[in-house]
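Sequence first, then the predicted structure:
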Amino acid sequence: FGSVAGFPGPLCRREPVALLGRVQKDWIAVGYGSGGDVNAPYVTNLLDCLREQGVAVDSELAALYEQWCQANPVDPGTEWGKWPLSFPEMELADDVVAAAAQRARPAVVVLGR
């Protein structure tokens, strides 16, 4: 995500990016296809990985999602084939989205299913 031929990519380290969607934090780490039932030694998420890579994320928006995800935990399911197909999503008021758009030009909508 750095640059291609010297031109900065859309997710550069200088300009903040707005991450939208709870799955930025609550990653879905299983699947229903072949090999879907895995016991991963750890699960990470997009928000933490971008931060680790030095990408500037919109900290205000990220904090809203982190607080909401902590207050609204998901049940990842433990029995084979009974995992959730999706997680409930945090609703965003128009003013929250407008403020995020003022702070960050690029945005990434994170979908999980």
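That came in fine, so what should we check first?

what's the average pLDDT for the longest helix along the chain?
Ordering each helix of the chain by length in residues (DSSP state H) puts helix 59-71 first. In this model, helix 59-71 has an average pLDDT of 96.

Skipping adjacent residues, who's closest to L61 in space?
Taking CB to CB, 6 or more residues apart in numbering, and ignoring the residues beside it in sequence, L61 has A100 as its nearest neighbour in space, at 4.8 Å. For every residue, glycine as well, the C-beta is placed using N, CA and C.

how far away is L111 from F87?
L111 sits at a distance of 11 Å from F87 (criterion: CB to CB, to the nearest Å).

overlap in contacts of those two?
Overlap of the contact sets of L111 and F87 (by CB atoms under 8 Å, 6 or more residues apart in numbering) consists of V23.

The two: which is more packed in?
F87 (21 against 10; other CB atoms under 10 Å).

Now do the phi/psi pair for V17.
The phi and psi torsions at V17 (degrees, to the nearest 10) take the values phi -120, psi 140.
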